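J.: A predicted structure for the sequence below; I have some questions about it.
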Amino acid sequence: MRPIYILRDEVSEAIAGRLYLKVYRLENRLREYLMRFYSIVYGADFWPLAAEKIAKKAEEFKGNERVFSDYANTIAYRITFDDLGGIIFKVGANQPDAEILIKKLRAIPSTESKRFAELQAELEPNYDRFFKRLKQGDFRKLWERFSHFRNKIAHNNLFVAEDEAEANDLFDRLMTLISQNDRDIETVKSSLETSGGDLQEEFLTASGVTADSIPSPESPLWTGLSSKFVSISQDEFLTQLKSLEAEIAKKGRGYVGLKRFIEFHLGALGVDYKSAWQIYEQLLESNSIEKYEVIGRYQDQIALAIRSINSK
């Protein structure tokens with residue numbers, strides 16, 4: 001039998017065109033939700049760190065966007081469709097990489113079951129910890145199935161009417177699930193806060209900012225407008241520090257994380273990182289402030305904190 005060739009498939013072209021809009025809208029909706037989640041739970045500037053930690057290969061596509069990246073952090077728009085969904089069901093907020101995990105396991109004596117339990121809690125995936133409503137709605141299965149149609153569009157595969165019907169159903173169910181989980185963000189934040197500790201500092205610690213880390217005068221998280229940041233004086237540094245200490249005193253718990261204070265709190269006020277780190281060193285040398293270690297929620301995590309001398 002001689003081969004049959006399809007020269008032009010305008011039906012598939014029409015279906016793919018309609019579905020591509022839904023792929024774009026779904027990616028936008030999940031991206032919006034994840035940025036809102038990390039901003040509300042961990043702080044306004046933590047999404048770039050989360051995105052970079054979870055999908056480092058996004059940097060490979062940095063050259064694809066040459067306009068908006070000069071004014072905003074666009075790493076979220078360089079994450080692939082599969083990796084974007086994977087932030088929900090493949091990883092955890094505090095999961096260490098394989099090398100760190102091996103070191104932690106080797107350091108735990110076989111008789112200390114409590115330490116093993118703590119490590120298990122650290123490895124708890126986002127799917128179980130934060131996104132329970134999404135898991136109950138079978139988000140992973142739906143997302144991975146929708147990814148099948150997304151790939152068919154990307155690679156110019158052929159479509160039948162049943163494909164469009166199934167993809168439309170998946171789209172509607174996924175959008176509904178994301179909207180439902182969106183309403184739970186504040187509840188997640190509240191439940192984490194009641195367990196004590198400093199969420200932002202623990203997130204930084206879990207991402208590799210440990211007590212042994214040497215602070216860098218140039219933050220890896222800020223891009224674009226950072227060159228317009230201004231210097232800070234010792235008085236203003238202390239004023240901002242004491243203001244946060246007053247807030248912590250009202251709560252009755254917590255601490256001022258070193259890196260978070262300098263690169264997120266002061267950075268959000270427009271302070272140059274190099275200037276802030278220099279002032280920090282000067283105040284440390286003059287005994288106006290002190291640096292100390294804090295044990296995070298997981299007992300083997302050590303975070304660096306600072307306080308003014310008269311706040312002890």
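T.: Yes, it's here. Residues are numbered from 1 along each chain as shown.
J.: residues of stretch 164-173 that come out buried?
T.: Applying a neighbour-count criterion of 16 or more other C-beta atoms under 10 Å, one finds 164, 167, 170, 171 buried in stretch 164-173. C-betas here are computed from N, CA, C, even on glycine.
J.: so the first one touches residue 19, yeah?
T.: Same thing as residue 164. Yes. Judged on C-beta atoms under 8 Å, residue 164 makes contact with residue 19 at a distance of 6.4 Å.
J.: in the stretch 1-150 of the chain, where is pLDDT below threshold?
T.: Applying pLDDT under 70 to the stretch 1-150 of the chain picks out residues 43-59, 91-102, 104, 110, 115-124.
J.: ranges for the helices of it?
T.: Per DSSP state H, counting those that start in this stretch, the stretch 1-150 of the chain carries helices over the ranges 10-42, 47-54, 81-89, 98-107, 113-122, 126-129, 132-136, 139-154.
J.: about what we covered before: and the buried residues of stretch 164-173, which is closest to residue 65?
T.: residue 171 (25.0 Å; C-beta to C-beta).
J.: just checking, that closest one is part of a helix?
T.: Yes. Under DSSP: H, G, I helix; E, B strand; the rest coil, residue 171 falls within a helix.
J.: residue contacts, the spatially closest residue to it that is not a sequence neighbour?
T.: Excluding the flanking residues, the one nearest residue 171 by C-beta to C-beta, 6 or more residues apart in numbering is residue 22, at 4.6 Å. Residue 22 is in contact with 167, 168, 171, counting by C-beta atoms under 8 Å, 6 or more residues apart in numbering.
J.: quick one: residues contacting the second one.
T.: The neighbours of residue 168, taking C-beta under 8 Å, 6+ apart as the test, are 19, 22.
J.: what about residue 137, how many residues nearby?
T.: Residues near residue 137, counting by other C-beta atoms under 10 Å, number 18.
J.: ugh, typo on my part, it should be residue 132
T.: Each residue near residue 132 was counted by other C-beta under 10 Å, and the total is 13.
J.: one more: residue 188?
T.: If we define neighbours as other C-beta under 10 Å, then residue 188 has 17 of them.
J.: what sits closest to it if chain neighbours are left out?
T.: Using C-beta to C-beta, 6+ apart, the nearest residue to residue 188 is residue 130, at 5.5 Å.
J.: residue 282 too?
T.: Going by C-beta to C-beta, 6+ apart, residue 282 has residue 234 as its nearest residue, at 6.5 Å.
J.: the one you found: how many residues sit nearby?
T.: 14.
J.: roughly how far is the helix or strand hosting residue 293 from the heart of the chain?
T.: According to DSSP states H and E, residue 293 maps onto strand 289-295. Chain-centre distance of strand 289-295: 25 Å, with C-alpha atoms, centre = their mean, to the nearest Å.
J.: could you name the helices and strands sitting against it?
T.: Contacts defined by 3 or more C-beta pairs under 8 Å, 6 or more residues apart in numbering; DSSP states H and E place strand 289-295 against helix 273-285, strand 302-308.
J.: rewinding a little: now distance to residue 291 and pLDDT too, for the buried residues of stretch 164-173, in a markdown table please.
T.: Below are the buried residues of stretch 164-173 laid out as a markdown table (distance: C-beta to C-beta, whole Å; pLDDT from 0 to 100):
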| residue | distance to residue 291 | pLDDT |
| --- | --- | --- |
| 164 | 60 | 97 |
| 167 | 54 | 97 |
| 170 | 51 | 97 |
| 171 | 51 | 97 |
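J.: angles on the backbone of residue 72, please.
T.: phi -150, psi 160 (degrees, to the nearest 10).
J.: report pLDDT for residue 158.
T.: Residue 158 is assigned 94 on the pLDDT scale.
J.: all good on my end, thank you.
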